[in-house]
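Participant: Curious how this folds, go ahead:
(one chain, ligands or ions: 1)
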Amino acid sequence: MTKPIVIVGAGGFGREVIDVVDAINAQAAAPEWEIVGVVDDSPTEINLKHLERRGTPFLGGTEKPFSWPEPVYYVVGIGNPRVRRLIADRYDAAHLKAATLVHPAVTQGFDVRIGAGSVVCAGVRLTTNISLGRHVHLNLNVTVGHDTTLEDFVSVNPLASISGDCVIEDDVLVGVAGVVLNGLTVGRGATVGGSACVVRDVTPGLVVKGVPAK
Ligand SMILES: CC(=O)SCCNC(=O)CCNC(=O)[C@H](O)C(C)(C)COP(=O)(O)OP(=O)(O)OC[C@H]1O[C@@H](n2cnc3c(N)ncnc32)[C@H](O)[C@@H]1OP(=O)(O)O
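Facilitator: Numbers count the residues shown, from 1 in each chain. Next comes the predicted model:
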């Protein structure tokens, strides 16, 4: 049965999430999702034009799903972990259902758990015994190694590589092409800069960059 879904965020990642939904629908025998539209509290003119061009309705601000006449799924297409958590907490408190979206061009090994609200983009490789929490974003071509846990609201940007036996705690952002070496923990709310190589545990809340990341 086709399920209605609202995308939160008209920005770049929000529109990339629409691509993920389109790809899921294209490979299914019958469309899995019907995109009701996009909500955003402060969309830019250019982003509204992008939506119009692809024929995706803009519904208004983020309060809109609360008054939707039928039960609707949602996904938050916003890369910033803390902003994503704020929105998801409001929706979950109102018993809206979080959709989990996995692009068909993703490979997964044995025992991969993916939490509600997560978005896994094209080209992602997940090997074995991996756990993704709620509302995790894995952007294009990310790799995650064996026995690794990514907790809630983690964002991993394109081409980043999380090695085996790692723990990436809540609300961490790993920048584009960042690397986390095996067995390490990146503490809650930390940021790993683009192209950084993490070689030791990262203290919660810290921003680290460079090779080795400091
Ligand atoms: C499809 C997509 O677009 S997905 C999005 C992809 N983008 C990302 O993943 C971005 C990840 N974010 C970053 O790498 C950021 O630069 C951060 C978080 C590391 C730092 O951000 P800020 O604190 O705002 O740093 P700011 O831009 O002020 O730069 C501070 C200094 O760090 C340097 N710096 C910034 N980022 C990096 C980096 N990734 N690696 C090494 N040095 C860096 C700057 O050159 C500057 O150096 P200076 O003081 O000698 O001039």
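
Participant: residue contacts, residue 129?
Facilitator: Counting by C-beta atoms under 8 Å, 6 or more residues apart in numbering, residue 129 makes contact with 109-112, 146-147. All C-beta atoms are positioned from the backbone trio N, CA, C, and that covers glycine.

Participant: can we see that at 7 Å?
Facilitator: 111, 146-147 (C-beta atoms under 7 Å, 6 or more residues apart in numbering).

Participant: Ok, residue 4 next?
Facilitator: 34, 36, 70, 72-73.

Participant: ok but it is inside a helix, no?
Facilitator: No: in this structure, residue 4 is strand, not part of a helix, as judged by DSSP: H, G, I helix; E, B strand; the rest coil.

Participant: Quick one, grab the pLDDT at it.
Facilitator: We have a pLDDT of 96 for residue 4.

Participant: so it bridges to which residues?
Facilitator: For residue 4, the beta-bridge partners are residue 34 (DSSP bridges).

Participant: same deal with the one 4 residues further on?
Facilitator: Under DSSP bridges, the beta-bridge partners of residue 8 are residue 39, residue 76.

Participant: how many other residues sit next to it?
Facilitator: 23 (other C-beta atoms under 10 Å).

Participant: Report the contact partners of it.
Facilitator: 14, 39, 62, 74-78, 87.

Participant: can you do 10 Å?
Facilitator: Residue 8 is in contact with 14, 17, 38-41, 62, 64-65, 74-78, 83-84, 87-88, 91, counting by C-beta atoms under 10 Å, 6 or more residues apart in numbering.

Participant: dump the residue contacts of the residue nearest the centre of the chain.
Facilitator: Nearest to the mean C-alpha position of the chain, by C-alpha atoms, centre = their mean, lies residue 137 at 2.1 Å. Residue 137 sits next to 13, 16-17, 75-79, 81, 84, 101, 117-121, 150, 153-157, 173 when contact means C-beta under 10 Å, 6+ apart.

Participant: In the sheet, which residues pair with it? Tell me.
Facilitator: According to DSSP bridges, beta-bridge pairing links residue 137 with residue 119, residue 155.

Participant: How much space separates it from the ligand?
Facilitator: 10 Å (C-beta to the nearest ligand atom, to the nearest Å).

Participant: all helices of the protein, in order?
Facilitator: 12-27, 45-54, 81-93 (DSSP state H).

Participant: what does this protein put close to the ligand?
Facilitator: 139, 157-158, 175-176, 191, 193-196, 207, 209-210 (C-beta under 6 Å from any ligand atom).
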